[in-house]
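Q: show me how the following folds:
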Amino acid sequence: MTVYFIGAGPGDPELITVKGQRLIRQCPVIIYAGSLVPAAVLAGHQAETVINSAELHLEQIIAAMRSAHERGHDVARVHSGDPSLYGAIGEQIRHLQALGIDYQIVPGVTATAASAALLGCELTLPNVAQTIILTRYGDSSPMPPGEQLGDLARHGSTLAIHLGVRHLPRIVDELLPHYGAHCPVAVVHRATWPDQDWVRGTLGDIVQRAAAKDFRRTTLILVGPVLGDTPFAESALYRAGHAHLYRPGN
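A: The predicted model follows:
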């Protein structure tokens, strides 16, 4: 018996791996995060038991997994996005390890990747940004030392900020000294869902632009020069004359 932590992707039911879809359709027990995972992701399942974890606390979720274990039933534990990012799987894994229950993690498409696709941009550009920092805004729980937004902003990298849209004015205040008022920003709401929406601007005007949209949750904030028209060099990989293993030089 195995508990499979499956990344269901950002919302579009087709943005799930073949492996994740196969496991959902064959596991006798499904526990899914119903507040963030659309029901269409479960299409074609033949599970005997389907549980919406949005209605449960941690101990109840673990009890359901333990019950499945006692019956020898595999569990599809379905999370939104990629389960390793803000999926709260660490605490579940800790319990499973204590109980001697096997588990596997099946990765999924992240909200960051989905938002970049929606915006039609690359988040890493030569000579502009080669680093992406995925973080969250420390409101409901404090951030570890050295991970305050200002600490991360000093790098000037592309930032993907989760769980922060309600605090956008404070976020902008913390980023302005490091990126400047003209730095491009995008606020993406429910990327790949039918009601997806977004707004683009700069650190100087994004607060007003986003306020007009009235985004409240399930929103990602992307910050960095890669979102704008900053000139960048072509990559070495496809440059004529650049030899590598699959394209040796003459």
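
Q: what does the helix or strand of the chain with the lowest mean pLDDT rub up against?
A: Among the helical and strand segments of the chain, the one scoring lowest on mean pLDDT, DSSP states H and E is helix 149-153, with a mean of 92. The contact list for helix 149-153 (Cβ atoms under 8 Å, 6 or more residues apart in numbering) reads 133, 135, 137, 138, 159, 161, 171, 174, 175, 177, 178, 179. Where you see a C-beta, it was placed from the backbone N, CA and C, and this is true even at glycine.

Q: how far away is the nearest residue to residue 178 once chain neighbours are set aside from residue 175?
A: Beyond its immediate neighbours in the sequence, the residue positioned closest to residue 178 (Cβ to Cβ, 6 or more residues apart in numbering) is residue 153, lying 3.9 Å away. When Cβ to Cβ, to the nearest Å is applied, the distance between residue 153 and residue 175 equals 5 Å.

Q: list the buried residues for the least confident helix or strand of the chain?
A: By 16 or more other Cβ atoms under 10 Å, the buried positions in helix 149-153 come out as 149, 152, 153.

Q: ditto for stretch 223-231
A: Using 16+ other Cβ under 10 Å as the burial criterion, the residues of stretch 223-231 that qualify are 223, 224, 225, 226, 227.

Q: residue 22: which of the residues you listed is nearest?
A: Comparing the buried residues of stretch 223-231 against residue 22 with Cβ to Cβ places residue 226 closest, at 34.9 Å.

Q: quick one, helices of this protein?
A: Assigned helices in the chain, in chain order: 18-26, 58-71, 89-99, 111-119, 149-153, 168-179, 206-213 (criterion: DSSP state H).

Q: quick check: residue 162 touching residue 136?
A: Yes: look at residue 162 against residue 136 with Cβ atoms under 8 Å: they come within range, at 4.3 Å.

Q: what residues are shared contacts of the two?
A: When Cβ under 8 Å, 6+ apart defines a contact, the residues bordering residue 162 and residue 136 alike are residue 86.

Q: show me what contacts residue 207?
A: Residue 207 is in contact with 168, 169, 172, counting by Cβ under 8 Å, 6+ apart.

Q: mind pulling up the pLDDT for the last one?
A: Looking at residue 172, its pLDDT stands at 96.

Q: that one: neighbour count?
A: Counted with other Cβ atoms under 10 Å, residues neighbouring residue 172 total 22.

Q: and what of the second one?
A: By other Cβ under 10 Å, the residues close to residue 169 number 13.

Q: roughly how far does the nearest residue to it once chain neighbours are set aside sit from residue 201?
A: Ranked by Cβ to Cβ, 6+ apart and with sequence neighbours excluded, the top spatial neighbour of residue 169 is residue 207, at 5.2 Å. Computed with Cβ to Cβ, the distance linking residue 207 and residue 201 is 9 Å.

Q: now stretch 74-91: buried residues?
A: Of the residues in stretch 74-91, those scored as buried under the neighbour-count criterion (16+ other Cβ under 10 Å) are 74-83, 85-87, 89.

Q: which of those residues lies closest to residue 47?
A: Top of the list for closeness to residue 47, among the buried residues of stretch 74-91 and by Cβ to Cβ, is residue 76 at 7.4 Å.

Q: state the pLDDT value of the closest one.
A: At residue 76 the predicted local distance difference test score is 98.

Q: now swap in residue 140 and tell me
A: Looking at residue 140, the pLDDT reads 66.

Q: tell me how many other residues crowd residue 162.
A: Look at residue 162: counted by other Cβ under 10 Å, it has 19 neighbours.

Q: ditto for the one 3 residues further on
A: Residue crowding around residue 165 was assessed by other Cβ under 10 Å; the count is 22.

Q: tell me the spacing between it and residue 47.
A: Counting by Cβ to Cβ, the gap between residue 165 and residue 47 amounts to 34 Å.
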